[in-house]
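**Student:** Here is my input, please return the structure:
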Amino acid sequence: MLREGISIGKAFGIPLRLHYSWFIVFVLITWSLAYNFVHAYPHWSLVNSIVAGVVTSLLLFGSVLAHELSHSIVAKAAGIPIQSINLFIFGGVSQLVEEPKQPQVEFRMALAGPLTSLVLGGIFLAIWYWLGNVPEFIKAICFWLGWMNIALAAFNLIPGFPLDGGRVLRSLLWWQSQDLRRATRIASNIGRGIGYLLIFIGIALIFFGNWINGLWLAFIGWFLGNAAASSYRQLALQDILRGHHVSELMIRDCPTVPPQVTIQQLVNDQILTFGRRCFPVVQNDLVLGLITIHDIKGASREQWSAKTAGEVMTPFANLKSVRPDEDLTTVLKILTERNINQLLVVEDGKIVGIIARDHLLSFISVRRELGT
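**Tutor:** Just a heads-up that it's a prediction; the model follows:
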C-alpha cells in the first residue's frame, strides 16, 4: 500500500514519497493547530492563525522526515540498502531492502529516530525560551514544534513492536537469547497489547464525549496492533521458507503459447481445460513476455476472439525473474512488494520454469501442519 503516492525527491540518495493519506492528516493537524492558535493568541488575525497552522504542520512533517532519515542513514552505514522513505497518515516509515542481521545494528537504528526527535524538540524549545527578540509568531510555532517532537520521541519509545521502542526491546531480547523469532514474538505481543490498550482508551474518550481524540487514538491502536501481528507473521513465514530454494517448488514443464494465439483460444484450450493461470509467450525460442489471467481480465469478453496473447501480455522487459538457486524468502518478498502472483524462473538466459504464490502458500501450509 505504501508504495502508492507521490515522489517528492531524494535525500542522501534515498527516494522520498508522500502517500495519499498524508494529505488527510496534514489537513487535520493544520486545522487543529490553527484552532489552538486562535484561542491561545486571540489578538492574532484568523489569517495569521491559519498560516501558523500550515507552517507548523509542514515543519512537523519535516521533523518526521528527519526522524526517518536518521533511521535510514544508520541503516545505510551498516550496509543495509534503503528502498524509500514514505510519509503517510500515521507518520513515516523507512522501507528497508532487508532487515538488520545483528541486534547491535537494529539497536542503533531504532534509537536514532527518537534521539533525532528529542534533539529537534530541544532546539525548537530553546529558540522559544532563550531568544527573547524573536517575533511572537515564530516563538509560538517553535513552542508547538518543540513539544510535538518530544511527544513524537516519547510515543515511538513505547516498547511495543514495530515502534522504535519495540525494536529496541527486540534487539535487546535478540542479543540476550540469540533467537530473533522469540524476541520478535515477545515484542510483537507487547505491541498488540499496547494497541488494544489504546483502543480501549480511545473508546473511553468517545464515551465521555471526546470524539475526535478518541477516534484518533483508537485508530492508532488498531493500526499498531495489526502492524505488530503482521510483523511477526512475516518473520514466521520467512523462517519456514529460509533455506529452501526456487528449484524445489517451481513448475518445470511450463506450457508456452505463441504471440498470435487469441485470448479465446487460450481460455478454451488451456485455462478452462487444464486450470493453468499463466503462460510464457514464446516465438522462435525467444521469450516475448508472460500472459496471466490478470492480463486477460484487462480485455473485455467481446475482444477475446480478436485480441492475441502478444497484445495483452506483460513484455519480458517489464517482468521480474528469479534463479532456480534463489531462496524462497526472496520470492515471497518480490511477490509481496510487487503484488503479483507468479515469477519466471530463468537460468542462463532461458526460462526453466514458473513459481507462483500458490506454490508458496501450499508449501507453508504443509510445513505448518507438520510443525517443521
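
**Student:** So, low pLDDT: which residues of the stretch 1-150 of the chain?
**Tutor:** Applying pLDDT under 70 to the stretch 1-150 of the chain flags the ranges 1-4, 89-90.

**Student:** Show the residue spans covered by the helices in it.
**Tutor:** Under the criterion DSSP state H, counting those that start in this stretch, the stretch 1-150 of the chain carries helices at the ranges 21-40, 46-77, 103-130, 136-156.

**Student:** so which of those helices gets nearest Phe316?
**Tutor:** Nearest to Phe316 among the helices of the stretch 1-150 of the chain is helix 46-77 (32.3 Å), distances taken as CB to CB. To be clear about C-beta, it is placed using only N, CA and C from the backbone, and glycine gets the same treatment.

**Student:** need the helices for the stretch 151-300 of the chain, in chain order.
**Tutor:** 164-177, 180-207, 211-241, 246-249, 263-266, 272-274, 293-297.

**Student:** Next, format the ones you listed as JSON lines and append mean neighbour count and mean pLDDT.
**Tutor:** Shown next, in JSON lines, are the helices of the stretch 151-300 of the chain (neighbours: other CB atoms under 10 Å; pLDDT from 0 to 100):
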{"stretch": "helix 164-177", "mean neighbour count": "21", "mean pLDDT": "94"}
{"stretch": "helix 180-207", "mean neighbour count": "18", "mean pLDDT": "93"}
{"stretch": "helix 211-241", "mean neighbour count": "17", "mean pLDDT": "86"}
{"stretch": "helix 246-249", "mean neighbour count": "17", "mean pLDDT": "90"}
{"stretch": "helix 263-266", "mean neighbour count": "19", "mean pLDDT": "92"}
{"stretch": "helix 272-274", "mean neighbour count": "9", "mean pLDDT": "81"}
{"stretch": "helix 293-297", "mean neighbour count": "15", "mean pLDDT": "88"}
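
**Student:** Leu33: which of these is closest?
**Tutor:** helix 211-241 (13.5 Å).

**Student:** Who are the packing partners of the closest one?
**Tutor:** helix 180-207, helix 328-338, helix 357-370 (3 or more CB pairs under 8 Å, 6 or more residues apart in numbering; DSSP states H and E).

**Student:** and the angle from the next helix or strand after the second one to helix 357-370?
**Tutor:** Proceeding N to C from helix 328-338, the next assigned helix or strand is strand 342-347, under DSSP states H and E. An angle of 100 degrees separates the directions of strand 342-347 and helix 357-370 when computed by axes from the mean of the first three to the mean of the last three CA atoms, to 10 degrees.

**Student:** which secondary structure elements does strand 342-347 contact?
**Tutor:** Judged by 3+ CB pairs under 8 Å, 6+ apart, the packing partners of strand 342-347 are strand 286-292, strand 321-322, helix 328-338, strand 350-356.
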